[in-house]
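Engineer: Prediction below, plus the sequence it came from.
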Amino acid sequence: MEILAIRAGQLLLILLLAFLIIGGLWFVLRFRRMMLLLGGKNLRDGQVADAVVLLSEEHRGSYLQGESYYTFQVHVKPARGRNFVTEVHVLREQLTRIPQAGDRVSVKYNYSGRKRSVVLNLDSIRPA
């Protein structure tokens, strides 16, 4: 009976070690991918990329922080990594010129895990 107990304990130890090795590899590969996408720069600074406005929609009846706002769907084309499409919400009072579909804008984004945070550079709106 003791021989079976030792073998069961060894099997449990082997499974635990396998789980730790696989988890460690997953973490290292995930961290490496994130560092490659960010180019090793500071997360607070973000990455600058060009983007094309796909959709510009005003929300008059809805309010964000008590103000009407716009939703922009942008196609971001970073220098490194994959292109992606995301939505950005901007308060109406922050806009001096409203970007229309097809306009090119500059954006700054941070990539953390599966979620990207994107901010429009409102001074860089260029017509298509």
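Structural biologist: Sure, I can see it.

Engineer: Is residue 96 part of a helix or strand, or is it coil?
Structural biologist: Of the three states, residue 96 takes coil under DSSP: H, G, I helix; E, B strand; the rest coil.

Engineer: where's it relative to residue 109, distance?
Structural biologist: 22 Å (Cβ to Cβ, to the nearest Å). C-beta here means a position set from N, CA and C on the backbone, and glycine is covered the same way.

Engineer: Those two: which is more packed in?
Structural biologist: residue 109 (21 against 8; other Cβ atoms under 10 Å).

Engineer: Mind telling me what element that one is part of?
Structural biologist: Using DSSP states H and E, residue 109 falls within strand 104-112.

Engineer: Who are the contact partners of residue 79?
Structural biologist: Listed by Cβ atoms under 8 Å, 6 or more residues apart in numbering, the contact partners of residue 79 are 47, 49.

Engineer: burial measure for residue 70, as a count.
Structural biologist: 19.

Engineer: Surely it is in contact with residue 90?
Structural biologist: Yes: counting by Cβ atoms under 8 Å, residue 70 touches residue 90, with 5.2 Å between them.

Engineer: what's the strand holding residue 109 packed up against?
Structural biologist: helix 2-38, strand 47-64, strand 67-77, strand 115-126 (3 or more Cβ pairs under 8 Å, 6 or more residues apart in numbering; DSSP states H and E).

Engineer: ranking those by mean pLDDT, which is last?
Structural biologist: Lowest mean pLDDT within the helices and strands packed on strand 104-112: strand 115-126, a mean of 68.

Engineer: Got the domain ranges for the protein?
Structural biologist: 1-38, 47-126 (automatic domain parsing).

Engineer: Pick the most deeply packed of these.
Structural biologist: domain 47-126 (a mean of 15; mean count of other Cβ atoms under 10 Å).

Engineer: So in terms of bridging, what pairs with residue 107?
Structural biologist: residue 49, residue 120 (DSSP bridges).

Engineer: That one contacts residue 51, doesn't it?
Structural biologist: Yes: taking contacts as Cβ under 8 Å, residue 107 lies within contact range of residue 51: 4.7 Å.
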